[in-house]
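Enquirer: Quick one, fold the following:
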Amino acid sequence: MITISIDPILMHLGSIALTWHGILAALGVAVGFAVALWEAKRLGISSDDVYTAAILAIPAGFIGARLFHVADNLELYLANPMLLLSFQEAGMALYGAFLGGLVAILAYVWYKKYSVWQAVDAAALGILVGDAVGRLACTVNGDAYGIPTDLPWGFIYTHPGSFVPPAWRGIPTHPYPVYEIILCLLLAAVLFFLRTRIQVKGLLFLLAMGGFAFVRFFISFVRDNLIIVQVVKTDTIDIGLNEAQLISMLIVVVLVPLGLYLWRRGPRYDTLAPVVET
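Expert: Numbers count the residues shown, from 1 in each chain. Here you go, the predicted model:
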């Protein structure tokens with residue numbers, strides 16, 4: 001078993017707490033941006049456009065992540081409305097961050113009249129790698145904890161400031177963030193080697209998002225989340241789906257026919273020329 005006794009708060013700067021979660025989440029954003037900037041150059045997208053899109057996408061992603069989290073924990077925030085403004089509390093939803101950032105990017109691409117599919121292809125690998133790095137934050141503070149396990153690689157959180165429920169501190173749990181880190185990096189590695197062979201615009205992005213949804217659906221079975229839809233419940237079997245799994249299913253349902261359409265009729269990368277108007 002692996003014991004994690006790290007204080008989620010690195011230090012205090014006056015009344016402001018500098019947390020490992022904030023530092024590592026920011027590192028994930030920076031690494032994801034660097035990967036997207038590097039891939040954008042290959043696709044002929046100017047650095048200025050990437051910087052502008054990032055300036056819009058990062059705060060939009062933050063807002064989306066916060067809104068999704070609040071919606072998922074509405075009773076808590078209705079009872080404690082001041083928590084809405086608390087940046088010391090864990091309270092971000094990954095799918096909300098993705099949706100908020102994507103909306104901002106698409107709005108900018110639409111405004112500039114660029115190729116939407118070419119733009120999202122540039123972001124595909126950055127999203128996966130950035131998420132993998134950002135999940136290190138959850139590994140430290142325990143805000144994405146798994147269910148109890150007796151496997152030898154289980155995490156035991158002992159620090160009283162961790163976000164694991166008090167009753168579960170000292171109990172081995174599945175290292176959910178590590179599962180996501182490993183699988184996201186593996187998916188990114190596969191798509192890295194395929195990216196120059198994929199000639200259909202937008203297909204790289206759809207494969208990245210579909211692959212991530214597939215990963216998230218299955219590893220969420222070992223994460224402690226509120227069950228929204230009960231699938232099977234007997235004396236010996238208890239299987240239900242949480243919010244992330246339902247969103248993952250919806251993503252796959254949308255992306256599969258869209259991917260097939262692009263494969264048959266979508267625009268191609270005849271040459272990697274600079275982004276042109278659609």
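Enquirer: Just list the residues touching residue 211, thanks.
Expert: Listed by C-beta atoms under 8 Å, 6 or more residues apart in numbering, the contact set of residue 211 reads 187, 191. Yep, even glycine has a C-beta here, placed from its N, CA and C like the rest.
Enquirer: Could you tell me whether it really is in a strand?
Expert: No - secondary structure of residue 211 (DSSP: H, G, I helix; E, B strand; the rest coil): helix, not part of a strand.
Enquirer: quick one: it from residue 187, how far?
Expert: 5 Å (C-beta to C-beta, to the nearest Å).
Enquirer: same check, this time on residue 8
Expert: 28 Å.
Enquirer: Also residue 69?
Expert: For residue 69, the distance to residue 187 - C-beta to C-beta - is 24 Å.
Enquirer: which ones are touching the nearest residue to residue 5 once chain neighbours are set aside?
Expert: Excluding its sequence neighbours, the residue lying closest to residue 5 (C-beta to C-beta, 6 or more residues apart in numbering) is residue 158, at 4.6 Å. Under the criterion of C-beta under 8 Å, 6+ apart, the neighbours of residue 158 are 3-5, 169-170.
Enquirer: switch the cut-off to 7 Å
Expert: 3, 5, 169-170 (C-beta atoms under 7 Å, 6 or more residues apart in numbering).
Enquirer: Most neighbours of all the residues you listed, which one?
Expert: residue 169 (15 neighbours; other C-beta atoms under 10 Å).
Enquirer: Read off the pLDDT value for that one.
Expert: pLDDT recorded at residue 169 is 86.
Enquirer: And residue 91, by the same measure?
Expert: On the pLDDT scale, residue 91 gets 59.
Enquirer: same question, residue 145
Expert: 85.
Enquirer: do the same with residue 277
Expert: Per-residue confidence (pLDDT) for residue 277: 43.
Enquirer: And residue 262, by the same measure?
Expert: 92.
Enquirer: List the contacts of it.
Expert: 200, 202-203.
Enquirer: Equivalent analysis for residue 217, please.
Expert: By C-beta under 7 Å, 6+ apart, the neighbours of residue 217 are 245, 248-249.
Enquirer: Repeat the analysis, applying 6 Å as the threshold.
Expert: For residue 217, the contact set (C-beta atoms under 6 Å, 6 or more residues apart in numbering) comprises 245, 248.
Enquirer: tally of neighbours for the closest residue to residue 240 other than its chain neighbours?
Expert: Here the nearest residue to residue 240 in space, its sequence neighbours aside, is residue 227; by C-beta to C-beta, 6+ apart that works out to 3.4 Å. By other C-beta under 10 Å, 14 other residues sit near residue 227.
Enquirer: What of residue 226?
Expert: Residue 226, neighbours per other C-beta under 10 Å, totals 9.
Enquirer: any idea how far it is from residue 133?
Expert: From residue 226 to residue 133 the distance is 27 Å (C-beta to C-beta).
Enquirer: re the thing from before, what is the nearest of the contacts of residue 262 to residue 149?
Expert: residue 203 (36.8 Å; C-beta to C-beta).
Enquirer: Tell me the pLDDT of the closest one.
Expert: 95.
Enquirer: so who does it touch?
Expert: residue 262.
Enquirer: So which of the contacts of residue 262 belong to helices?
Expert: Members of these lying in helices (criterion: DSSP state H): residue 203.
Enquirer: how about the contacts of residue 262 in JSON lines, adding distance to residue 118?
Expert: Formatted as JSON lines, these follow (distance: C-beta to C-beta, whole Å):
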{"residue": "200", "distance to residue 118": "11"}
{"residue": "202", "distance to residue 118": "8"}
{"residue": "203", "distance to residue 118": "11"}
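Enquirer: Going by distance to residue 123, which of the contacts of residue 262 wins?
Expert: Of these, the one sitting nearest to residue 123 (C-beta to C-beta) turns out to be residue 202, at 11.3 Å.
Enquirer: the bottom helix or strand of this protein by mean pLDDT?
Expert: In the chain, the helix or strand scored least confidently by mean pLDDT, DSSP states H and E is helix 74-79, which has a mean of 64.
Enquirer: Could you pull out the buried residues of stretch 261-273?
Expert: For stretch 261-273, burial by neighbour count (16 or more other C-beta atoms under 10 Å) applies to 262, 266, 269.
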